[in-house]
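In: test case, fold it:
(2 chains)
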Number of protein chains: 2
Amino acid sequence: MDIDTLLLPENATAEEIAARSGDVHVADIVEILNARPVDQRLAILARMPVERAAATFDQAGLDDPARLIAGLPADLAPKILRGVSIDRSAEIFRALREPDRGRLLGALDTDAKSGLDRVLAYSPHTAGGIMTTEFVSVPSTYTVGETIEHIRRVESTRETVYAIYVQDPETHALVQSISLRRLITGDPAAPVLSVAYPRPPITVAPDADREDVGRLISKYDLLAMPVVDAGRRVIGIVTVDDVIDAMVAETTEDVQKFGGVEALNAPYMTIGFGQMIYKRAGWLCALFLSEMLTASAMQHFEDELEKAVVLTLFIPLIMSSGGNSGSQATSLLIRAIALGEVRLRDWWRVALREIPTGLTLGAILGVIGFARISLWQKLGIYDYGEHWPLIALTVGAALVGIVTFGSLSGSMLPFALKKLGFDPASASAPFVATLVDVTGLVIYFTVALAILHGTLL
Amino acid sequence: MDIDTLLLPENATAEEIAARSGDVHVADIVEILNARPVDQRLAILARMPVERAAATFDQAGLDDPARLIAGLPADLAPKILRGVSIDRSAEIFRALREPDRGRLLGALDTDAKSGLDRVLAYSPHTAGGIMTTEFVSVPSTYTVGETIEHIRRVESTRETVYAIYVQDPETHALVQSISLRRLITGDPAAPVLSVAYPRPPITVAPDADREDVGRLISKYDLLAMPVVDAGRRVIGIVTVDDVIDAMVAETTEDVQKFGGVEALNAPYMTIGFGQMIYKRAGWLCALFLSEMLTASAMQHFEDELEKAVVLTLFIPLIMSSGGNSGSQATSLLIRAIALGEVRLRDWWRVALREIPTGLTLGAILGVIGFARISLWQKLGIYDYGEHWPLIALTVGAALVGIVTFGSLSGSMLPFALKKLGFDPASASAPFVATLVDVTGLVIYFTVALAILHGTLL
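Out: Residues are numbered from 1 along each chain as shown, chains lettered A, B, ... in the order given. Purely as a prediction, here's the structure:
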């Protein structure tokens, strides 16, 4: 059967959807809800069985969960929240405003509240902030059989049971992490540690960056990463599906930032007009103000412009080539740094690669530019005047300089940002273009002065 | 213990590394190998226990596995390949050249070869091309206990045992997929289907795009996705760790493409100089040739330029604002389309959002531009001549038009590419900037002609 046929008809009523919510995957319920106005979403959720509503709130894809939980009847909301995993609850409570936040937090039982407080204490960009405290742990004195029996009992209340954390019975420090697949192959009477690999478990501290956690989970092909405190006690786990959700969010942020927009943190179609302007106007104005330096640079070369208006014809062409080569270099280095292929201290190696690359690319464009001007002149399409070979030479030589400068500064920008403590991915294509534009003009006019001095200038 | 202390010292010999390869995680062995020259990598791999070498080749992070397997002794390589999973073997064989490819393929046993042939028949961008044929399936006549017993026997030869595929005993069509966690909670004597959720399993066809598979795995929080043929028989599975690897690769490709580079498909520091030029020169030249239209546009307005050189001062500022606003809109829409927030048929909704957004952003920049010129004039920093209020008005009005055009065309470009059958993510910031530049010049000079006619022009 196709995924689509599992979905309920588009015109189904709240009662019908609520009644059939057990037959379709909860991720599909989320899709149905997201497509409807808030009052209908609330009507459906209020009519769903409580545990099904909780499973719906547990899905990362559900839009605006804080608004929905706050909008549900005051006696129903805490019952639903009880069934939502700690990591997702933390996400919801972070978005809740007072007085709803206090009201709902007060309605949780002590266990859930203490788990939640622990997660809320960390930034949502860290391991501690996206971890869940619902994991399986057993003392190292257990046998394989006892461990499996324990898992059977607690399975329904744990986010994952595929990784089992074996603790020291005294200190509760983590001794080993064991996979369920290895566990079921073991002899039930043997000690649980008999099925462990003889290697120290991989762990992270609660303040580890969530991107680093994702990298480690991906590197070691883990299904969950234990988060340990200073005493090496497991305080929570980050599961692979949370990492995937975080990765999708990070990719969106990275692409938006590279395009010169502040991260929207909301779907394009749902964000308000005011927010949209706010997220875009900031960078646009900052870039505009910086780009004003180009006008100042041009004013500086006013005399040359008056004497040789023909030079202005190539300003857009030359400036954009600098920006384009810079944008290429920046995108390559942002990813190379993000993937750990290149470290901060490798900046000079990168510079040594980008200079010859820029010179070569600049020479290629320079030859094309020279050929274009010569061709137009010879074919009579345009008359660049008697000094046209010198003008063609100026354009060609300026391109070599500008593309080299663009490649070099575009590649160094992510390093500079990282060194200054910013995310290298804040380097956007418009940012690089602006950086290169002013220098590009100065290079162009300097080359022109050198080549055309005594003739046109 | 910290991850770093698990690593072997940097100056360890091939013998030492090979001997200690069982003590460290195989992902760390990969890191050690990647940092060394090929001859040392081969020396270490040749000395490692065969199953450990196979586990090393199984890691997606190992650089250049085809070159390594081809470089190992002819009797050792097939032994190692036997222990490598089918999906990874397929990746390696895709990169192998003749005669090594034929030699190694011939050395595989019939079972492995038939599994491999099935995967190699599909493109590496599809579910069929990244699936593994090593999964767990049982007939629907099995009990829970029999299924667990079966898993215990085959565990070591399967990529994942966390998803179990229950088949019709006659047709072998997929009846249900069951998770191991549900299975172990079941009564051993009960039929295996007793622990299944009463919902049809989620499946994909072998030609499904790998990005779509990733989206579905993420949406349904699956650990593996079954790939089924026309008869609904499971022919392979795509596991979550493969999806993560694919997602990281796609993000890199997307960022590089957005920067105007062809996807490198190799780490920045290891790619050859010729390859680097090749990947960058193509787009750079294409953009350069398109951008030449700006020179033609400028030539068209030559008379105006001669009369009012002052207008040239603002060309870089105005052009870059168009490019920046276009780049913002493109990055937002590339992600909105990739995440399925916006569909092709929504293009007009997006246009209706971008036009007022562009007008507002353009007005903001226009006011700043007008103020800048007025201020410089009043403060005596620069003299724009007697008609300076009209020049300031020209710049301000042109900015409104250009930013609106930039936002609109930047947002429509990903739709146009998708409609034409290209990846919307091929829309790069430089591409948009080039698109907007020529029109931007035309808008600027047209506005100038309208406002300055009879005075400067």
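In: what segments of the stretch 251-400 of chain A are strands?
Out: Using DSSP state E, counting those that start in this stretch, the stretch 251-400 of chain A contains no strands.
In: report the helix or strand with the lowest average pLDDT across chain A.
Out: Between all helices and strands in chain A, the lowest mean by mean pLDDT, DSSP states H and E belongs to helix A:3-6, at a mean of 42.
In: state the mean pLDDT of whichever helix or strand comes after that one.
Out: Once the chain leaves helix A:3-6, the next helix or strand it forms, by DSSP states H and E, is helix A:14-20. Averaged over helix A:14-20, pLDDT sits at 82.
In: give the buried residues for helix A:14-20.
Out: Buried residues in helix A:14-20, counted by 16 or more other C-beta atoms under 10 Å in any protein chain shown: A:A14, A:I17, A:A18. Yep, even glycine has a C-beta here, placed from its N, CA and C like the rest.
In: of those, just say which sits nearest to chain B.
Out: Proximity of the buried residues of helix A:14-20 to chain B (C-beta to the nearest C-beta) peaks at A:I17, which lies at 15.6 Å.
In: what's the nearest residue to the closest one if we skip its chain neighbours?
Out: The shortest distance from A:I17 to any non-neighbouring residue, by C-beta to C-beta, 6 or more residues apart in numbering or on different chains, is to A:I44 (5.0 Å).
In: okay, now the residue lying closest to A:L313 once chain neighbours are set aside: neighbour count?
Out: Nearest non-adjacent residue to A:L313, counting by C-beta to C-beta, 6+ apart: B:M298, 4.4 Å away. Residues near B:M298, counting by other C-beta atoms under 10 Å in any protein chain shown, number 24.
In: how much space between B:M298 and A:P198?
Out: Look at B:M298 and A:P198: by C-beta to C-beta, to the nearest Å, they are 72 Å apart.
In: what angle do the helix or strand A:E250 falls within and helix B:240-258 make?
Out: Per DSSP H and E: A:E250 is located in helix A:240-258. Relative orientation of helix A:240-258 and helix B:240-258, computed by axes from the mean of the first three to the mean of the last three C-alpha atoms, to 10 degrees: 0 degrees.
In: identify each buried residue in helix A:240-258, please.
Out: A:240-248, A:250-258.
In: which among the residues you listed are in contact with chain B?
Out: A:240-241, A:243-245, A:247-248, A:251-252, A:254-256, A:258 (C-beta under 8 Å from any C-beta of the partner chain).
In: quick one: contacts for the residue nearest to A:I17?
Out: A:A14, A:I17, A:A18, A:S21, A:I32, A:L33, A:R36 (C-beta atoms under 8 Å, 6 or more residues apart in numbering or on different chains).
In: now, which of those sits nearest A:K219?
Out: A:L33 (35.8 Å; C-beta to C-beta).
In: quick check: bridge partners of the closest residue to A:A163 other than its chain neighbours?
Out: Distances taken as C-beta to C-beta, 6+ apart put A:A224 closest to A:A163, at 4.4 Å, once the chain neighbours are dropped. Per DSSP bridges, the residues bridged to A:A224 are A:T239.
In: what separates A:A224 from A:T239, distance-wise?
Out: On the measure of C-beta to C-beta, A:A224 and A:T239 end up 5 Å apart.
In: which residues are common contacts for those two?
Out: A:T160.
In: my read is that A:R152 contacts B:I184, right?
Out: Yes. Using C-beta atoms under 8 Å, A:R152 is in contact with B:I184, at 5.9 Å.
In: more neighbours: which of those two?
Out: Neighbours were counted for A:R152 and for B:I184 using other C-beta under 10 Å; B:I184 has more, 21 against 14.
In: hang on, the more buried one packs against A:I148?
Out: Yes. Counting by C-beta under 8 Å, B:I184 does reach A:I148; the two are 6.4 Å apart.
In: now for those two: what residues contact both?
Out: What both B:I184 and A:I148 touch, as defined by C-beta under 8 Å, 6+ apart, is the set A:I184.
In: looking at this, A:I235 is in a helix?
Out: No. Applying DSSP: H, G, I helix; E, B strand; the rest coil, one finds A:I235 to be strand, outside a helix.
In: count of residues packed around it?
Out: For A:I235, using other C-beta under 10 Å, the count is 20.
In: excluding sequence neighbours, find me the nearest residue to A:L361.
Out: A:V403 (5.1 Å).
In: check contacts around that neighbour.
Out: Contacts of A:V403 by C-beta under 8 Å, 6+ apart are A:S321, A:G322, A:S325, A:G358, A:L359, A:L361, A:G362, A:L365, A:G366, B:L284.
In: and the residue lying closest to A:A95 once chain neighbours are set aside, what pLDDT?
Out: Spatial nearest neighbour of A:A95, chain neighbours left out: A:A66 (3.7 Å); criterion: C-beta to C-beta, 6+ apart. Listed pLDDT for A:A66 reads 91.
In: for A:A66, give its distance to A:N265.
Out: Separation of A:A66 from A:N265 (C-beta to C-beta) stands at 13 Å.
In: and for A:L222?
Out: For A:L222, the distance to A:N265 - C-beta to C-beta - is 27 Å.
In: cool, A:G340 as well?
Out: 26 Å.
In: so which bits of the stretch 101-250 of chain A are right by chain B?
Out: So the stretch 101-250 of chain A meets chain B at A:148, A:151-152, A:155-156, A:160-162, A:180-182, A:184-185, A:198-200, A:202, A:216-221, A:223, A:240-241, A:243-245, A:247-248 (C-beta under 8 Å from any C-beta).
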